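Peer 1: got a sequence here, can you model it:
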Amino acid sequence: MLVYQTIFALIWAEGPLIRTHSVLAAVRVVNVLSVV
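Peer 2: Numbers count the residues shown, from 1 in each chain. Here you go, the predicted model:
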């Protein structure tokens, strides 16, 4: 049970980073599309 709590804590801690990367990736895609 402790293992699952640790994994969940790691995923929860990295949540904001994942969202930030997703936003940056989306912005990059929009920039590429606007150039084309």
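
Peer 1: just the helices in this structure please.
Peer 2: In the chain, the helices defined using DSSP state H lie at 2-35.

Peer 1: which stretches of it have low pLDDT?
Peer 2: Filtered on pLDDT under 70, the chain yields the residue ranges 1.

Peer 1: closest to the centroid, which residue in it?
Peer 2: For the chain, the residue nearest the mean C-alpha position is Ile18 (1.5 Å; CA atoms, centre = their mean).

Peer 1: gap between that one and Leu24?
Peer 2: With distances taken as CB to CB, to the nearest Å, Ile18 is found 11 Å from Leu24. Backbone N, C-alpha and C define where each C-beta goes, glycine included.

Peer 1: likewise Ile11?
Peer 2: From Ile11 to Leu24 the distance is 19 Å (CB to CB).

Peer 1: ok, now Val30?
Peer 2: Val30 sits 11 Å away from Leu24, going by CB to CB.

Peer 1: same check on Asn31?
Peer 2: Taking CB to CB, one finds Asn31 at 11 Å from Leu24.

Peer 1: do the same with Leu2
Peer 2: 34 Å.

Peer 1: comparing the two, which shows the higher neighbour count?
Peer 2: Leu24 (10 against 6; other CB atoms under 10 Å).

Peer 1: list the contacts of that one.
Peer 2: If you count contacts by CB atoms under 8 Å, 6 or more residues apart in numbering, Leu24 has none.
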